[in-house]
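[1] predicted structure and sequence below. I'll ask about it afterward.
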Amino acid sequence: MNLPDNTQWFTEICEAHGSALSFRIRRKLHEEKTAFQHIEIFETTDFGNLMVIDGFIMLTSRDNFLYHEMMSHPALFTHPSPKRVVIIGGGDCGTLREVLKHKGVEHALQVEIDERVTRLSEQYFPELCESNRDPRAEFLFDDGIQWMKAAKPGSVDVVIVDSTDPVGPAKGLFSEDFYHSCHRALGNTGLIVQQSESPLLHYNSIIQPMHRAMQSAGFSHTHTLPFPQPCYPSGWWSATLGCNRALNRFREADAENPGFRTQYYTRAMHQSALAMPAFFRAGNT
């Protein structure tokens, strides 16, 4: 879109909710259509680089830390001793970087269907890919749904579903069948965390059904953690956890002194995210 002064903007229109998000851009850095999706990379004036997939904003250099830290640290500090982590999706590698900040993690497998997302992230978001050569990291460019179906029972401690919106190839990642596969691979002590969209816009359509599907798949306890995310619709995002034990307890001493740097996550932020808004309580999530 062009304004009278020829300033260029990228705009994502959220037609269903009568809103839009815009970033002022200097130039388009890259564009390609892969076997799975259409990827664009822009240089913005104030938010660093911007990745867009199929017209939807995926991340910016400036604010991605909110998402990546809340997708990884609450889950890893809730598990008593996470050693084996699987990331489904997460091609930009930001979640992998946060996971590998935990020294107790022995192996982190990232299963991303589209290798080009990772290769473009290495080029345009190198700060997110700092841990890609960590000997504990493994990459598999394949279908995460099929990988989870084939995973051995009890072979994983934490599953992180760092996916796009529930459309196209990602739709199956929000299904009860997929959660059954995760529950089997995790065993009785494991934990799943999945990005669960906007609490304001998607509470009834995505978050509540996700809780029901996780619980039907065998996760006796589920909890949604909200957090700010300026580049996504409504500016308010969430991650939903599933486990077979209470999720309101975590390793607070370790979270207080993690031994690594974060920009958003702290023990106090984790604790505050556990407090449910009134309409969450009404929905019994």
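    All right, it came through fine.
[2] spatially nearest residue to His79, not counting backbone neighbours?
    Once flanking residues are discounted, His79 sits nearest to Leu191: 5.1 Å by CB to CB, 6 or more residues apart in numbering. Backbone N, C-alpha and C define where each C-beta goes, glycine included.
[3] repeat for Ala213
    Glu176 (4.2 Å).
[4] look up how far Leu241 lies from Leu96.
    19 Å (CB to CB, to the nearest Å).
[5] compare those two (neighbour count), which wins?
    Neighbours were counted for Leu96 and for Leu241 using other CB atoms under 10 Å; Leu96 has more, 31 against 22.
[6] pLDDT value on that one, please?
    Per-residue pLDDT puts Leu96 at 98.
[7] what about it, is that helix, strand or coil?
    Following DSSP: H, G, I helix; E, B strand; the rest coil, Leu96 is assigned to helix.
[8] ok, and the closest non-adjacent residue to it?
    Leu96 sits nearest to Gln110 (CB to CB, 6+ apart), 5.3 Å away.
[9] now the element after the helix ranked longest in the chain, going C-ward?
    Looking across the chain with DSSP state H, the single longest helix is helix 64-78. Scanning forward in sequence from helix 64-78 by DSSP states H and E, the next helix or strand is strand 84-89.
[10] what's the angle between that next one and helix 64-78?
    Strand 84-89 runs at 150 degrees relative to helix 64-78, counting by axes from the mean of the first three to the mean of the last three CA atoms, to 10 degrees.
[11] can you list the strands that strand 84-89 pairs with?
    Applying DSSP bridges, strand 84-89 is found paired with strand 107-111 (parallel), strand 158-162 (parallel).
[12] in that strand, what's buried?
    Using 16 or more other CB atoms under 10 Å as the test for burial, strand 84-89 gives 84-89.
[13] let me see the mean pLDDT of stretch 154-166.
    On average, stretch 154-166 scores 91.
[14] and stretch 191-201, by the same measure?
    96.
[15] now do stretch 225-243
    96.
[16] for Glu112, give its distance to Lys83.
    For Glu112, the distance to Lys83 - CB to CB - is 21 Å.
[17] more neighbours: which of those two?
    Neighbours around Glu112 and Lys83, counted as other CB under 10 Å, are more numerous at Glu112. The numbers are 25 against 15.
[18] ok, now which ones touch that one?
    Counting by CB atoms under 8 Å, 6 or more residues apart in numbering, Glu112 touches 89-91, 118, 139-141, 144.
[19] quick one: the helices in the stretch 151-285 of the chain?
    Under the criterion DSSP state H, counting those that start in this stretch, the stretch 151-285 of the chain contains helices at 176-186, 208-216, 252-256, 267-273, 278-282.
[20] out of these, deepest packed?
    Mean neighbour count (mean count of other CB atoms under 10 Å) peaks for helix 176-186 among the helices of the stretch 151-285 of the chain, with a mean of 21.
[21] quick one: list the elements packing against that one.
    helix 144-150, strand 158-162, strand 191-195, helix 208-216, strand 236-243 (3 or more CB pairs under 8 Å, 6 or more residues apart in numbering; DSSP states H and E).
[22] which one of those lies closest to Ser19?
    Distance to Ser19, taken as CB to CB, is lowest for strand 236-243 among the helices and strands packed on helix 176-186, at 12.0 Å.
[23] what's near enough to touch Gly218?
    Neighbour list for Gly218: 179-180, 183, 244 [criterion: CB under 8 Å, 6+ apart].
[24] that one and Asn49: what is the separation?
    40 Å.
[25] ok, Val158 next?
    According to CB to CB, Val158 and Asn49 sit 29 Å apart.
[26] so which of the two has more stuff around it?
    A direct count of neighbours by other CB under 10 Å for Val158 and Asn49 places Val158 higher, at 26 against 22.
[27] is the more buried one in a bridge, and if so with what?
    Under the criterion used (DSSP bridges), Val158 bridges to Val85, Leu191.
[28] how near is it to Ala20?
    Distance, Val158 to Ala20, using CB to CB: 35 Å.
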